[in-house]
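>>> below is the sequence, then the predicted model.
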Amino acid sequence: QVQLVESGGGLVQAGGSLTLSCAASGRTFSSYVMGWIRQAPGKEREFVAAIDWSGSSITYAGSVKGRFTIRRDNAKNTVSLQMNSLEPEDTAVYYCNARRGGVYEHWGQGTQVTVSS
């Protein structure tokens, strides 16, 4: 069983930066593709970024590519999302997730990111 706990959300002005962190419990962390998905008010969940176990395969949504960076540390069981040049459209609840075999098996509770204009 893997439990995911996010931190690092908050309020920031447009153009600012935030770094989200996700701490995972469990011995099988390295077997998962880790990622972030966000959900804005009144909208469906949207894929943001994902990283494979080795860090060699990384995928970003087009809307965040070049602004966000996902990293993982398998020794510490953590995954982070560095967000730069934030825009009001980035306002959402951000969820850390663990995926294996194409199935989202585990989710964090979410952390709120609010970008003011």
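Sure, I can see it.
>>> what's the following helix or strand after the one helix or strand in the chain whose mean pLDDT sits lowest?
Least confident helix or strand, the chain: strand 103-107 with a mean of 92, by mean pLDDT, DSSP states H and E. Per DSSP states H and E, strand 103-107 leads on to strand 111-116 as the next helix or strand towards the C-terminus.
>>> and the pLDDT for the closest residue to Gln13 other than its chain neighbours?
Leaving out its chain neighbours, the residue that sits closest to Gln13 by Cβ to Cβ, 6 or more residues apart in numbering is Ser116, at 5.4 Å. (Glycine included, C-beta is placed from N, CA and C.) We have a pLDDT of 97 for Ser116.
>>> who are the contact partners of Ser116?
Taking Cβ atoms under 8 Å, 6 or more residues apart in numbering as the criterion, Ser116 is in contact with 11-14, 88.
>>> and Glu89, helix, strand or coil?
Under DSSP: H, G, I helix; E, B strand; the rest coil, Glu89 falls in the helix class.
>>> I'd assumed Arg67 was in contact with it.
No - counting by Cβ atoms under 8 Å, Glu89 stays clear of Arg67, with 11.1 Å between them.
>>> so these two - more neighbours on which side?
Counted by other Cβ atoms under 10 Å, Glu89 and Arg67 do not tie: Arg67 has more neighbours, with 15 against 12.
>>> buried stuff in the least confident helix or strand of the chain?
For strand 103-107, the neighbour count (16 or more other Cβ atoms under 10 Å) marks His106 as buried.
>>> in its sheet, what does it sit against?
Strand 103-107 pairs in its sheet with strand 92-100 (antiparallel), by DSSP bridges.
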